[in-house]
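Novice: Below is the sequence, then the predicted model.
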Amino acid sequence: MDYKTDGKDILLKQADFGLDDTLDCGQAFRWEKTAENTYSGAFLNKKLVISCENGSDLFRLHDTSEEDLLNVWADYFDLGTDYGELKKQFSEDETLSKACAYAGGIRILRQDKWEALSSFIISQNNNIPRIKGIIGRLCEHYGGYPDWKDMTEETAESLGFLRAGFRAKYLVDAVDKIKGGSIDLNKISEMEIDEARKTLMTIKGVGPKVAECALLFGFYRTEAFPKDVWVKRVMENWYPNGLPECVKGVEGIAQQYLFHYIRTSGIEV
């Protein structure tokens, strides 16, 4: 990781990182584009403004300490993973080669387990502006993204301020199951992937897609493979016999390239 301090900012030189590709691709809902090449957002209660400087691989983390870069943002932006090497590996496959070339700046955000799980519970059958609105009201009410422990007294009725509809009772059930011990977020990180999926799906309203998204983005289970209508189309048209061997173990990372490619490139399938 190549960086230096610049007054109150950090200048980070980082290949294979694009703000639009990473922060506006549906894996997190607390980032807003505030200007050309600039985003404002947060991870739990830590806020950040980040902008791309003159060139695609130089970034300014505004009003940020070296300690926060090393202890928070380096992990969050998955800066320790060599995405250049992953893209080289993926490019053994013709379709993935095109997808990686189209959106080469995608990185997986290593989010908090509870934040990712609860965010994707909120996301189901919902559009991104509305998801962001619900999460914004949640953060405003609690003065930051609440831990599940902060929500143990909530009911579906008391969460009416979220205007989340049927999703409120699913959030309450998730908190109740974690509080009761039937779900241990830390243990899910270590479970066999199928057991982890089944455990998350014991929460009311959590189906395969929400479970896979939580596992990939909150638990960094890179073998998780979320399937929405776009990814199902990818599989039907390009991989009817299954994914290529070159993505084994990192199917979820490959999924992000494919998802972004088919959803935004305008390619005919």
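Specialist: Looks like it came in fine. Residues are numbered from 1 along each chain as shown.
Novice: Only C-alpha atoms from now on, for both contacts and neighbour counts.
Specialist: Fine.
Novice: Helix, strand, or coil at residue 262?
Specialist: At residue 262, secondary structure determined by DSSP: H, G, I helix; E, B strand; the rest coil is helix.
Novice: quick one, phi psi at the nearest residue to it once chain neighbours are set aside?
Specialist: In space, not counting the residues next to it along the chain, residue 262 is nearest to residue 230; the distance is 6.9 Å by CA to CA, 6 or more residues apart in numbering. Here the main-chain torsion angles of residue 230 (degrees, to the nearest 10) amount to phi -70, psi -50.
Novice: quick one: the helices in the stretch 151-269 of the chain?
Specialist: With DSSP state H, counting those that start in this stretch applied, the stretch 151-269 of the chain shows helices at 167-180, 185-188, 193-200, 208-218, 229-238, 251-264, listed in chain order.
Novice: What angle do helix 251-264 and the strand or helix carrying residue 101 make with each other?
Specialist: Following DSSP states H and E, the helix or strand that holds residue 101 is helix 94-102. What separates the directions of helix 94-102 and helix 251-264 is an angle of 70 degrees, with axes from the mean of the first three to the mean of the last three CA atoms, to 10 degrees.
Novice: tell me what the helix or strand following helix 94-102 is packed against?
Specialist: Past helix 94-102, further along toward the C-terminus, the next helix or strand under DSSP H and E is helix 113-123. Helix 113-123 is packed against helix 128-142, helix 167-180, helix 208-218, with contacts defined by 3 or more CA pairs under 8 Å, 6 or more residues apart in numbering; DSSP states H and E.
Novice: Looking at these, which one is packed in the most?
Specialist: Neighbour counts (mean count of other CA atoms under 10 Å) averaged over each of the helices and strands packed on helix 113-123 peak at helix 208-218, with a mean of 25.
Novice: thought residue 201 was touching residue 211?
Specialist: Yes. Checked against CA atoms under 8 Å, the pair residue 201 and residue 211 is within contact range at 6.5 Å.
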